[in-house]
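A.B. asks: fold the following.
(chains A and B)
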There are 2 protein chains.
Amino acid sequence: MPSTAHWSYFSYFLAHLLISSGAATTLQAQSAESKSNQPNIVIIFCDDLGYGDLGCFGHPTIQTPHLDRMAAEGMKLTQFYSASPVCTPSRAALMTGRLPIRSGMCSNTKRVLYPDSAGGIPESEVLLPEALKEAGYATGCFGKWHLGHLPQFLPTNNGFDEYFGIPYSNDMDRAADSPRGRAAFNAPEVEYWNNPILRGTKEIERPSHQPTITKRYTEEAIRFIKENEENPFFVYLPHSMPHIPLFRSEDFAGKSRRGLYGDVIEELDWSVGQILQTLREQNLDHKTLVFFTSDNGPWLTHGLQGGSAGLLRDGKGSTWEGGMREPCIAWWPGTIPAGTSTAELGSTMDLYVTSINLAGGKVPDDRPVDGYDLTKVIKENSKSPREVMYYYRGQRLMAIRKGPWKAHFMTQASYGQREPVVEETPVLYHLEYDPSEVHNVAEQHPEVIAELTELAEQHKSGVEVVPSQLELRLGKTE
Amino acid sequence: MPSTAHWSYFSYFLAHLLISSGAATTLQAQSAESKSNQPNIVIIFCDDLGYGDLGCFGHPTIQTPHLDRMAAEGMKLTQFYSASPVCTPSRAALMTGRLPIRSGMCSNTKRVLYPDSAGGIPESEVLLPEALKEAGYATGCFGKWHLGHLPQFLPTNNGFDEYFGIPYSNDMDRAADSPRGRAAFNAPEVEYWNNPILRGTKEIERPSHQPTITKRYTEEAIRFIKENEENPFFVYLPHSMPHIPLFRSEDFAGKSRRGLYGDVIEELDWSVGQILQTLREQNLDHKTLVFFTSDNGPWLTHGLQGGSAGLLRDGKGSTWEGGMREPCIAWWPGTIPAGTSTAELGSTMDLYVTSINLAGGKVPDDRPVDGYDLTKVIKENSKSPREVMYYYRGQRLMAIRKGPWKAHFMTQASYGQREPVVEETPVLYHLEYDPSEVHNVAEQHPEVIAELTELAEQHKSGVEVVPSQLELRLGKTE
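C.D. replies: Here you go, the predicted structure:
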């Protein structure tokens, strides 16, 4: 029957077409698949943001609609930690997946790196951008680095294709004629500081114009995302804010009910909104994992210029919860279940391992790595592989958390107390019952004290202490 | 032309049809309109819930997915207050729209009503259910009353069609042979207490079986909603929990990472989920306004049996923020903008005025009413008509808030300090910069102190102090 013949020919033609185009499609799919299997990764990292500073983490007068939406579309992590209560060690841990004591990026005498420091992140460390670059990622860093400002330590010599930002804290390099002491922070002016902005390793602006810093970091990140929409990319966006001195652009001046600090957070919130909106508009939202968190807790000794740790005790500088527990939001529409919240443990060091694994890269296996893979936690809201948190202050192990229990072997106020107090009996809290660390239950749980003390000894015996990079100073020989 | 004639006739017929049916439709519409213009009103009122006890208000280990969803579908109010830091006066204010000092429902010597009290809510007060009943509402109260347990003071003699619940606090009526002091609260058993459950004014159970109390209040409320789906209704659901002794049903035993207190909150969260789901299933969600809040802050002196005020100072019993600022969520799908948050001021007394106005009822005009209409705040996220908050402890005006400023004229710890300290210079905080009341700025702002002091004097001179109902005792003559 002609119709059959016709059909026959047609079906042959169709089959041929399907097969030939199918083959091409398969190849394309493989390539697309392998690319689409490599999610873009964005880490937005604030500076001195408190656990209680966002609307979705309970602040009453700081409005953060974009972060609230990010949480509503993603997952809130409510027991998430940085690896140090101060800047340089915390960032070293994020970038290496390792406790700062292993890389020498901490010290008992110098909290962080300063403009007269000669040290920085050792070349032997495998940084997150290096591992991701190896896996085929385009890598950009837009913001505060603080892992060494000499050329060999800068981002573009450590795995980043691009860098734009202030290389250390925005309060460093005080201008000689600035008001003394706190006065400069209470009414900050651009000319009170003299820190530079670098592009790559080149200084392009000095003093940095800080009122536009949040905006410019954001614009640089967005440009980079747009330029790399065909590649898998890694954007590291370590904001200089809300570290003092507090600056925000004209658009946010007087916007917040929380005053200057609130203006600054609301501009950071705007920035997050811009990043996520760019991802949506470029159709990248379903293949981009975004983490939002901070390096350490709020700088409480700066009064209203500092943030709030919410219900947590103390802040920046201390190993009380307020010093190291951070607000954290993970966002990846279609992959991370929307509107969820987990109290499973996580750490910035886990972002290192999680990111490299998701990228199909290689986590170094020739050295101790302290991070865990949180992929299942964020994708399936399942149990975390992390059970233990070590709380270091400089090179001292002050406290350990295992499960809900935290034992403080030493305690020290965030600022103003020179040496730690060694507790004869460690102070013990059940952090899930008592997140504010108010009710010491050491007496009722000697078995927990014993277990955590044993764990501390085991841990310390397994850590090789290397010379501190923070104690090296320009113009000094060791 | 025939077609014209036809058309003419047809259009006449049509017009007639439209007019006649139109008239009917208009009448029907008016009736339906007037009913649909009367939203159902549900007030879920917890007991001693802290500002920081919900996931969406920042608690790290209490999971409240239903309340979080309620907030995501509605509006969070982050500067919302009860009118007293303890139970009876707070509830009197919610039910009357008036400061408790105006109704005699507070005292400097008795915090609340007790089982040996002879007083209660005066008949002269116009209670919220009375005003709503007058406007055609079916009214049900399921939970803790605490405005007097003698018959004349009970809900069904004060505007409610139905009542089911424990008439006062669940820790009252301790059984003679219960463990002494705190021991009974640390490991609570049903038989340690001897308080009753009433239906209407009739005792139907004694001792109340508290482990099922949250569940049974919820079931009663759901039954009432289903029975009244054709009427406008008012459901007042004042939970007995999380007031100590803490009880939860078997389904919630050991569920929360926060221990017993967390189990209790997670059952309350479940309850909220059940109520909202019932409203959705009965197609009532678009015509029902639900408020969720609490009577006062957490009972901190009870340690882990008490909740958390989050970043706020102190708790139940005190006029620091933790004593009187409450988590509040307003929900009315299609009317309240979803996923919003407001820091505009509100008070439980405003729920009185708002509810009556939305119901088309009559707010009493023959007496001072202290509530404001928050309709525009919740519908349009606009400015609140409330600018001032009075903080009473008993009959003493301890503090005033106007705008962001709060002046404490007297201070007193929540418990353990017999008399207030009169501050020579009032202690002043900018609550929107400093919600934790840490930075006293009295010295910098004498003009604000002067304004608030003047306001206090004005207010006090306008308040007629009536005899306290809380000081009347059974078997005693005045």
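A.B. asks: which parts of chain A are strands?
C.D. replies: Using DSSP state E, the strands of chain A run over residues A:40-46, A:75-81, A:138-142, A:162-165, A:197-199, A:202-205, A:233-238, A:288-294, A:325-331, A:340-347, A:388-393, A:396-402, A:405-411, A:421-430.
A.B. asks: so for chain B, which of those sits nearest?
C.D. replies: strand A:75-81 (3.8 Å; CB to the nearest CB). Quick note: C-beta positions are derived from backbone N, CA and C, even for glycine.
A.B. asks: could you list every helix and strand that that closest one packs against?
C.D. replies: Judged by 3 or more CB pairs under 8 Å, 6 or more residues apart in numbering or on different chains; DSSP states H and E, the packing partners of strand A:75-81 are strand A:325-331, strand A:340-347.
A.B. asks: burial measure for the residue in chain A positioned nearest to chain B, as a count.
C.D. replies: Residue of chain A nearest chain B, by CB to the nearest CB: residue A:58 (2.3 Å). Other residues lying near residue A:58 total 30 when counted by other CB atoms under 10 Å in any protein chain shown.
A.B. asks: quick one: end-to-end distance for stretch A:326-345.
C.D. replies: Stretch A:326-345 has an end-to-end distance of 11 Å (CA to CA, to the nearest Å).
A.B. asks: could you do stretch A:224-234 as well?
C.D. replies: Stretch A:224-234 has an end-to-end distance of 10 Å (criterion: CA to CA).
A.B. asks: please apply the same query to stretch A:432-443.
C.D. replies: In stretch A:432-443, first residue to last residue: 18 Å (CA to CA).
A.B. asks: mind listing what's buried along that stretch?
C.D. replies: For stretch A:432-443, a neighbour-count test (16 or more other CB atoms under 10 Å in any protein chain shown) marks A:432, A:433, A:434, A:435, A:436, A:437, A:441, A:442 as buried.
A.B. asks: got a list of contacts for it?
C.D. replies: For stretch A:432-443, contacts defined as CB atoms under 8 Å, 6 or more residues apart in numbering or on different chains pick out A:311-313, A:320-321, A:343, A:404, A:406-407, A:425-431, A:449, B:59-61, B:257-259, B:261-262, B:303-304, B:308.
A.B. asks: for chain A, which residues are neighbours of chain B?
C.D. replies: Contacts of chain A with chain B, taken as CB under 8 Å from any CB of the partner chain, map to A:52, A:55-61, A:63, A:65, A:68-69, A:72, A:76, A:78-79, A:257-259, A:261-262, A:303-304, A:308-311, A:325, A:339, A:341, A:343, A:404, A:430-436, A:439.
A.B. asks: and with 7 Å instead?
C.D. replies: Contact residues, chain A versus chain B (CB under 7 Å from any CB of the partner chain): A:52, A:55, A:57-58, A:60-61, A:63, A:68, A:72, A:78-79, A:257-259, A:303-304, A:308, A:310-311, A:339, A:341, A:343, A:432-436, A:439.
A.B. asks: quick one: which of those sit in helices?
C.D. replies: Per DSSP state H, helices hold the following members of these: A:68, A:72, A:259.
A.B. asks: among those, which one has the most neighbours?
C.D. replies: Neighbour counts for those peak at residue A:68, which has 23 neighbours (criterion: other CB under 10 Å).
A.B. asks: does that one touch residue A:58 like I think?
C.D. replies: No. Contact between residue A:68 and residue A:58 fails when scored by CB atoms under 7 Å: they sit 11.3 Å apart.
A.B. asks: got phi/psi on the residue nearest to residue A:188 when sequence neighbours are not counted?
C.D. replies: Nearest non-adjacent residue to residue A:188, counting by CB to CB, 6 or more residues apart in numbering or on different chains: residue A:245, 3.6 Å away. Reported as degrees, to the nearest 10, the phi and psi values for residue A:245 are phi -70, psi 140.
A.B. asks: what's the local residue count around residue A:245?
C.D. replies: Counted with other CB under 10 Å, residue A:245 comes out at 23.
A.B. asks: all helices of the stretch 151-300 of chain A, in order?
C.D. replies: All helices of the stretch 151-300 of chain A, identified by DSSP state H, counting those that start in this stretch, fall at A:183-186, A:213-227, A:259-281.
A.B. asks: would you single out the least confident of those helices?
C.D. replies: Note on the helices of the stretch 151-300 of chain A: lowest mean pLDDT is at helix A:183-186, with a mean of 92.
A.B. asks: what's in contact with it?
C.D. replies: Outside helix A:183-186, the residues that touch it by CB atoms under 7 Å, 6 or more residues apart in numbering or on different chains are A:178, A:192, A:244, A:245, A:302, A:305.
A.B. asks: can you give me the buried ones in that helix?
C.D. replies: Across helix A:183-186, burial judged by 16+ other CB under 10 Å covers A:184, A:185, A:186.
A.B. asks: mind putting those residues in CSV, distance to residue B:366 included?
C.D. replies: Output for the buried residues of helix A:183-186, formatted as CSV (distance: CB to CB, whole Å):
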residue, distance to residue B:366
A:184, 59
A:185, 55
A:186, 52
